[in-house]
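1. Only the shape, not the letters, is given here:
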Ligand code: MG
């Protein structure tokens with residue numbers, strides 16, 4: 001822990017400015033930008049989609065004043081200071097704010113070292129980051145066409161979602177395709193009509209059609225979006241085993257980690273969960289009891305690179321692999337940070353990738369790039385991303 005008497009005395013990497021920027025074409029991304037005395041800058045994503053202004057306030061009112069004068073080199077120390085110092089621990093608002101600071105400090109450390117962040121994390125454990133795209137359609141033929149276009153682009157993994165007959169709208173299905181927006185931010189949550197019976201009857205036919213048309217030579221994924229009870233999820237997992245899903249995502253809400261035991265007892269279909277988790281305590285039991293196969297926590301919502309690495313390290317001991325959330329409800333700053341971590345950890349599984357629009361990419365110039373089913377963070381020192 002830091003000794004206040006020696007805190008950043010005479011250090012050129014002392015933090016002198018912390019700015020919270022709320023902007024992005026068509027939505028709010030919250031970006032924290034830190035500046036040090038020697039002129040280095042670092043960025044961190046602080047976007048908590050739909051509740052993003054709460055994080056902006058938390059940063060502005062409580063965190064930024066505490067950062068001024070601190071040594072930017074002390075990443076772990078600053079993480080512990082913000083986590084323990086607030087007395088109130090965990091929670092999405094707190095952990096997203098801490099994530100932004102942590103991400104920005106890694107960015108600064110990389111820039112000052114002249115190295116991309118993945119080198120500071122131990123270097124490459126693989127050549128590229130395997131990503132999955134989203135194929136969705138109002139009906140099965142439309143999904144089959146979408147899968148084809150992702151496979152044509154070189155994707156090695158595709159998530160499929162389909163409209164359910166008799167339901168006015170279904171999660172994950174939209175008119176937009178390549179730039180589909182899964183979680184439109186709004187002050188008021190939307191309400192939807194749902195039928196578990198119709199869904200369970202219809203969705204196995206989607207996997208059957210996809211495998212019949214496109215074969216088994218790519219990873220097939222599906223998101224249940226927390227809509228089933230544990231026994232319903234167990235029934236679905238068991239029913240679709242022959243279609244060899246790479247993962248079945250968010251089969252049931254995870255507030256009760258115990259609930260996953262029931263699913264596990266009935267099916268060998270791999271389970272992924274965790275995009276709403278914000279700390280290691282949300283998944284401790286899921287990981288240590290091997291109740292899941294993939295942990296989907298992200299840099300921006302789970303306390304930054306420092307804390308997410310801790311989660312992935314725990315997961316590695318239990319043969320649970322990473323599968324970070326990467327929808328367009330997080331900014332290119334988080335995507336860049338995720339790629340550096342994905343590249344360096346030994347138990348990487350898969351990274352979600354939804355393309356930001358050209359307008360968003362213009363606001364957040366970045367060095368990461370896609371080719372043949374993989375994302376690459378690039379060799380720019382730091383995270384290789386900025387905000388214009
Ligand atoms: Mg999900």
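-> Structure's in. What do you need? Since the model is a prediction, treat every value here as computed from it, not as a measurement.
2. So which elements touch whichever strand or helix holds residue 161?
-> Using DSSP states H and E, residue 161 sits within strand 157-162. If you count contacts as 3 or more C-beta pairs under 8 Å, 6 or more residues apart in numbering; DSSP states H and E, strand 157-162 packs onto strand 129-137, helix 140-152, helix 196-214, strand 219-223. (Glycine included, C-beta is placed from N, CA and C.)
3. nearest residue to the most centrally placed residue in the chain other than its sequence neighbours?
-> For the chain, the residue nearest the mean C-alpha position is residue 325 (2.8 Å; C-alpha atoms, centre = their mean). Nearest non-adjacent residue to residue 325, counting by C-beta to C-beta, 6 or more residues apart in numbering: residue 275, 3.7 Å away.
4. Report how many residues lie close to the closest residue to the ion within the stretch 251-388 of the chain.
-> Nearest residue of the stretch 251-388 of the chain to the ion, counting by C-beta to the ion: residue 275, 5.0 Å away. Neighbour count for residue 275, taken as other C-beta atoms under 10 Å: 25.
5. helix/strand/coil for the residue nearest to the centre of the chain?
-> Under the three-state scheme (DSSP: H, G, I helix; E, B strand; the rest coil), residue 325 adopts coil.
6. give the contact list for it.
-> Counting by C-beta atoms under 8 Å, 6 or more residues apart in numbering, residue 325 touches 274-275, 296-298, 301, 352.
7. Which positions in the chain make contact with the ion?
-> For the chain, the residues in contact with the ion (C-beta under 5 Å from the ion) are 223, 249-250, 275.
8. Tell me the one of those residues nearest residue 55?
-> Closest approach to residue 55 among the residues of the chain next to the ion (C-beta to C-beta): residue 275, at 16.6 Å.
9. OK, contacts around that closest one?
-> 250, 296-298, 301, 325.
10. again, only this time at 10 Å
-> 223, 225-226, 249-250, 254, 295-298, 301-302, 323-327, 329-330, 352 (C-beta atoms under 10 Å, 6 or more residues apart in numbering).
11. what ranges do the strands span in the protein?
-> Using DSSP state E, the strands of the chain run over residues 15-22, 30-36, 41-45, 129-137, 157-162, 219-223, 247-249, 271-273, 294-295, 321-322, 351-352, 369-371, 374-376.
12. What's the mean pLDDT across the strand holding residue 161?
-> Averaged across strand 157-162, pLDDT comes to 97.
13. Can you check what angle separates it from strand 219-223?
-> 40 degrees (axes from the mean of the first three to the mean of the last three C-alpha atoms, to 10 degrees).
14. from the residues of the chain next to the ion, which is closest to residue 21?
-> residue 275 (24.2 Å).
15. Just to confirm, what confidence does the model report for that closest one?
-> Residue 275 is assigned a pLDDT of 97 by the prediction.
16. Repeat that for the one 4 residues further on.
-> Looking at residue 279, its pLDDT reads 98.
17. Against residue 83, how distant is it?
-> 9 Å (C-beta to C-beta, to the nearest Å).
18. When these two are compared, which one has more neighbours?
-> The neighbour comparison of residue 279 against residue 83 (other C-beta under 10 Å) goes to residue 279, with 23 against 19.
19. so what's that one closest to, chain neighbours aside?
-> residue 90 (4.8 Å).
20. The one you found touches residue 97, doesn't it?
-> No - applying C-beta atoms under 10 Å as the test, residue 90 and residue 97 come out as separate, 11.9 Å apart.
21. which residues touch residue 301?
-> Applying C-beta under 10 Å, 6+ apart, the residues near residue 301 are 45-49, 92, 95-96, 99, 274-279, 308, 324-325, 329-330, 334.
22. still on that earlier bit, just the angle for the strand holding residue 161 relative to helix 196-214, thanks.
-> 140 degrees.
23. Pairing partners for strand 157-162, with directions?
-> strand 129-137 (parallel), strand 219-223 (parallel) (DSSP bridges).
24. my read: residue 142 touches residue 149, true?
-> No - at 11.1 Å, residue 142 and residue 149 do not qualify as touching, with contact defined as C-beta under 10 Å.
25. How about the contacts made by residue 237?
-> 224, 228, 245, 248, 251, 263-264, 266-271.
26. export those to CSV and tack on pLDDT and neighbour count?
-> Below are the contacts of residue 237 laid out as CSV (pLDDT from 0 to 100; neighbours: other C-beta atoms under 10 Å):
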residue, pLDDT, neighbour count
224, 96, 22
228, 97, 22
245, 98, 22
248, 98, 24
251, 98, 30
263, 98, 26
264, 97, 17
266, 98, 15
267, 98, 19
268, 98, 10
269, 98, 23
270, 98, 19
271, 98, 24
